[in-house]
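> Let's see this in three dimensions:
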Amino acid sequence: MVEDAERALNDARARLAEVPAETVVVNHVMGLYELAAIHLGAEPPRLADASLAIDAVACLVEGLGSRLGPDAPTMVDALSNIRLAFVQIKAATASAAPHGE
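Here you go, the predicted model:
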């Protein structure tokens, strides 16, 4: 059993080693983007969690820039879109909150 697990892990590592790092990083960026979207879509929205995920996306996209390869412009657009969604949802949440409490 342990040998099977070790073999499977080694196979996964070998497959991952064949993939360009930029592809793996872009996949992680999109995972963080999805995480932010999930928190923004929660009822009620989980703004602090969404903000953390968006900041992580920004760190990678803005920090790595063109090193993300041909998907870099798409990642910049995705970051802009999720930031805009955050601002809109935050504003909607604030305006829907009861006043005077």
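> Flag the shaky bits of this structure, pLDDT-wise.
For the chain, applying pLDDT under 70 flags the ranges 99-101.
> Recalculate using a threshold of 50.
Within the chain, the ranges that satisfy pLDDT under 50 run 101.
> Do you have the helices of it handy? List them.
With DSSP state H as the criterion, the chain has helices at 2-17, 21-41, 47-64, 72-96.
> Take those helices and lay them out in a markdown table including mean neighbour count.
(Each C-beta comes from the backbone N, C-alpha and C, glycine too.) Putting the helices of the chain into a markdown table (neighbours: other C-beta atoms under 10 Å) gives the following:
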| stretch | mean neighbour count |
| --- | --- |
| helix 2-17 | 9 |
| helix 21-41 | 17 |
| helix 47-64 | 17 |
| helix 72-96 | 14 |
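> Can you tell me which residue sits nearest the middle of this protein?
residue 32 (1.5 Å; C-alpha atoms, centre = their mean).
> where's that residue relative to residue 93, distance?
Between residue 32 and residue 93 the computed distance is 21 Å (C-beta to C-beta, to the nearest Å).
> Residue 62 too?
The separation that residue 62 has from residue 93, given C-beta to C-beta, amounts to 26 Å.
> likewise residue 85?
For residue 85, the distance to residue 93 equals 12 Å [C-beta to C-beta].
> now do the same end-to-end measure for stretch 14-29.
Using C-alpha to C-alpha, to the nearest Å, the end-to-end distance of stretch 14-29 comes out at 22 Å.
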